[in-house]
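In: Any chance you can model this:
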Amino acid sequence: MRDAPATAVSFDFGQTLVELDTGLLSARLAERGITAPREQLDGAVDAGWRAYNEAIQRGFGGHPWKIMMRRLLEVGGVPAGALDAAVDWLWTEQPRKNLWRRPIAGMIDVVAELAQAGVPVAVLSNSEGRLDELVDELGWSARFVAVADSGRLGFEKPGREIFAWTAERLGAPLAAVVHVGDSLAADVEGALAAGMRAVWFKGDPHRAAQMPRAERVAVCDDAGSLRRALRAFGVRF
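Out: Numbers count the residues shown, from 1 in each chain. Prediction:
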């Protein structure tokens, strides 16, 4: 039986709406006397996110931010003896100066178009507890009906509870929500297990096609293909 049209959308935040500001990360490391050029950090981002996804797939208890950041810094050339202290310091500083703040081209425009069309939109993210403030700092608060921040709620992706909490705030059943995110384990598999549909941002189309519920998954790599994916799920905007 064909799914009913989707009526609401949730977005992951980091690496979906915004990306890691590697220039800011380089500057923050310099405050600690660590030299890590932005270009080297840019080349290490994918390795960090692979470590993040692997940690979630292993059932890591807790938001594996430090695992991701440690691997990123390691590949980015930070000396081994400085890694642990740097990661711990960045973690404690993250609520004060979030490193994920560089908008990804066109993505917030899609959010604005959805909101303008009357489609309820939320942020749904594993974060540190101050995501609402960052969204406000970026001037985006009016576009979202809710911000689901695991650091405040006490539950996180890929667990069902955070998806259910978000759907309730969106005023839609889980089956009517499309979740957009970059992490296969946290976003795509988490959303599907909760009963949502999913758009895998920057995902692997071949892997998505082999998933058990492949008809409930789309893949996009930019704002234009995201629009097409959402409309294919029946979102009207």
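In: How far does the lowest-mean-pLDDT helix or strand in the chain sit from its chain's centre?
Out: Evaluated with mean pLDDT, DSSP states H and E, the helix-and-strand set of the chain has its lowest mean pLDDT in helix 45-57, which scores a mean of 91. With CA atoms, centre = their mean, to the nearest Å as the basis, the distance from the averaged C-alpha position of helix 45-57 to the chain average is 13 Å.
In: tally of neighbours for V135?
Out: Summarising burial for V135: neighbours were counted as other CB atoms under 10 Å, giving 21. C-beta coordinates here come from the backbone N, C-alpha and C atoms, glycine included.
In: For it, list the residues it contacts.
Out: Contact partners of V135, counting by CB atoms under 8 Å, 6 or more residues apart in numbering, are F13, V123, S141, F144, V147.
In: Show me how the protein divides into domains.
Out: Structural domains of the chain, as assigned by automatic domain parsing, span the residue ranges 8-17+101-232, 22-98.
In: Deepest in the core, which of these is it.
Out: Each of the domains of the chain was given a mean neighbour count from mean count of other CB atoms under 10 Å, and the largest, a mean of 19, is that of domain 8-17+101-232.
In: any chance you could map the helices in this protein?
Out: Shown for the chain, the helices assigned by DSSP state H span residues 22-31, 38-42, 45-57, 65-75, 80-93, 107-116, 131-137, 150-153, 160-170, 190-194, 205-209, 223-232.
In: mean pLDDT lowest for which of these?
Out: Note on the helices of the chain: lowest mean pLDDT is at helix 45-57, with a mean of 91.
In: residues making contact with that one?
Out: By CB under 8 Å, 6+ apart, the surrounding residues in contact with helix 45-57 are 15, 19-20, 22, 64-65, 67-72, 75, 158, 182-186.
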